[in-house]
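# here is the input, now give the coordinates:
(one chain, ligands or ions: 1)
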Amino acid sequence: MHTVLRSRTREVVIGPDRPFCVIGERVNPTGRAKFAEALRAGDLSQVIVDVRRQAEAGAHVLDVNAGVPLTDEAELLTSMIKITQENTDLPLCIDSSVVEALAAGLAVYQGKALVNSVTGEDDRLAEILPLVKRHGAAVIALANDETGIPETAEQRLEITGKIVRVATEEYGIPIEDIVVDPLAMAVGADTDAVNVTLETIRAIRDAYGLNMCLGASNVSFGLPDRHALGSAFLAMAAAAGLTSAIMNALAPECVTAARASDLLLGKDPWGSNWISAYRARQG
Ligand code: THG
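Next up is the predicted model:
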């Protein structure tokens, strides 16, 4: 199962036989008051900084989120996508819960984007999947619906099945263009949260073989030493079948955990990526 993403000039393939795909999360004002304030004022200079840093740190794809309260999200998101594509050739993941913003973002995006995201809710499927189809994009399918975030892997698998059925049968979206988000929650709020996520990852891999992507930083919210938790989680999730994550590409521990998982899981023949990344760090 290969999910192909493209910018104007570069192609990235997500798949179980490929290196774990690092989707950089930093072009996102959530929890960053100064960044949000600058964006509100029309100052996009920090976007350029975060784009360059994440690309240098080894991100394969960049998530772009324009969630600043009290702004025209469609307009801000299109500006952020344009400036991002002027500063990197990495493909983008267009992150918004506002349908108009996703539509506007897809209209200016050059290449094949990853739309983030659709849920199993009927109205969301009906609004977002036609956009995905029209633009030939790929889409992240969140395993939740109108009843909220299911507490069991079985329920998350069931919602995944619904989204797969509707996207492929009603909209003709290729199954490989569906990337499932098995949902990562804060382990500090629920001791069992990561167990449920890992069980969901294994279930989706075994039932559908689909690519998967989740917000890895969610796991460590509210806890100290976030990167240590993030790196341990990424290694476990990769072993369970996760093939990509929206994650902090500026945390070397986390990126290294993804690269180590590739080698340990047989996806980096002869350790050539591992060794060349090490050599690059030595200068
Ligand atoms: N699934 C999907 N998309 C997602 C998420 C997901 N997109 C948004 C989010 N979750 C993933 N992105 C982030 C971005 C930043 C942080 C966490 C997840 C984060 N930021 C710091 C904080 O809030 O503490 C910012 C602080 C700072 O750096 O100054 O943790 O789950 N499909």
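
# from here on, just use CA atoms for contacts and neighbour counts.
OK.

# show me where this structure has its helices.
Ranges of helices in the chain, per DSSP state H, are 33-40, 45-56, 73-87, 99-108, 122-135, 153-165, 193-208, 226-240, 252-264, 272-282.

# quick one: the least confident helix or strand in the chain by mean pLDDT to helix 252-264, angle?
Scoring the helices and strands of the chain by mean pLDDT, DSSP states H and E places helix 272-282 at the bottom, with a mean of 94. Interaxial angle of helix 272-282 relative to helix 252-264 (axes from the mean of the first three to the mean of the last three CA atoms, to 10 degrees): 150 degrees.

# in helix 272-282, what's buried?
Across helix 272-282, burial judged by 16 or more other CA atoms under 10 Å covers Asn273, Trp274.

# how deep is Gly222 tucked in, by neighbour count?
12 (other CA atoms under 10 Å).

# what pLDDT does the closest residue to Arg18 other than its chain neighbours get?
Nearest non-adjacent residue to Arg18, counting by CA to CA, 6 or more residues apart in numbering: Lys267, 6.2 Å away. Looking at Lys267, its pLDDT reads 97.

# so Lys267 touches Gly15, yeah?
No - with contact defined as CA atoms under 8 Å, Lys267 does not reach Gly15; the gap is 10.4 Å.

# follow-up on the earlier one: how close does the residue nearest to Arg18 get to the ligand?
24 Å (CA to the nearest ligand atom, to the nearest Å).

# how far away is that residue from Arg6?
Distance, Lys267 to Arg6, by CA to CA, to the nearest Å: 22 Å.

# any idea how far the residue positioned nearest the centre of the chain is from the ligand?
Centroid-nearest residue in the chain, with CA atoms, centre = their mean: Ile246, separated by 3.8 Å. According to CA to the nearest ligand atom, Ile246 and the ligand sit 6 Å apart.

# give me the distance between that residue and Pro269.
Ile246 is 25 Å from Pro269, by CA to CA.

# and stretch 158-167, how far from the chain's centre?
Here stretch 158-167 is found 19 Å from its chain centre; the criterion is CA atoms, centre = their mean, to the nearest Å.

# hmm, it in reach of the ligand?
No - against the ligand, stretch 158-167 shows no contacts by CA under 6 Å from any ligand atom, the least distance being 13.5 Å.

# model confidence for Gly283, exactly?
The predicted local confidence for Gly283 is 79.

# tell me how many other residues surround it.
Gly283: 5 surrounding residues under other CA under 10 Å.

# circling back to that earlier point, for the residue nearest to Arg18, grab the count of nearby residues.
The local packing of Lys267 (other CA under 10 Å) involves 18 other residues.

# now Asp177: closest residue in space that isn't a chain neighbour?
Ala138 (4.4 Å).

# ok, now Gly120?
Sequence neighbours aside, Asp145 is the residue nearest to Gly120 in space, at 4.6 Å (criterion: CA to CA, 6+ apart).

# would you mind measuring from the residue of the chain found nearest the ligand to Ser244?
The ligand sits closest to Gly215 of the chain, with a gap of 3.4 Å, by CA to the nearest ligand atom. Separation of Gly215 from Ser244 (CA to CA): 9 Å.

# what about these two, which has more around it?
Higher neighbour count among Gly215 and Ser244: Ser244, with 29 against 18, using other CA under 10 Å.

# quick revisit: quick one, what contacts the residue nearest to the centre of the chain?
Val22, Ile23, Gly24, Glu25, Asp63, Cys213, Leu214, Gly215, Ala216, Ser217 (CA atoms under 8 Å, 6 or more residues apart in numbering).

# tell me the one of those residues nearest Ala33?
Ranked by distance to Ala33 (CA to CA), the contacts of Ile246 are led by Glu25 at 15.9 Å.

# tell me the pLDDT at that closest one?
Listed pLDDT for Glu25 reads 98.
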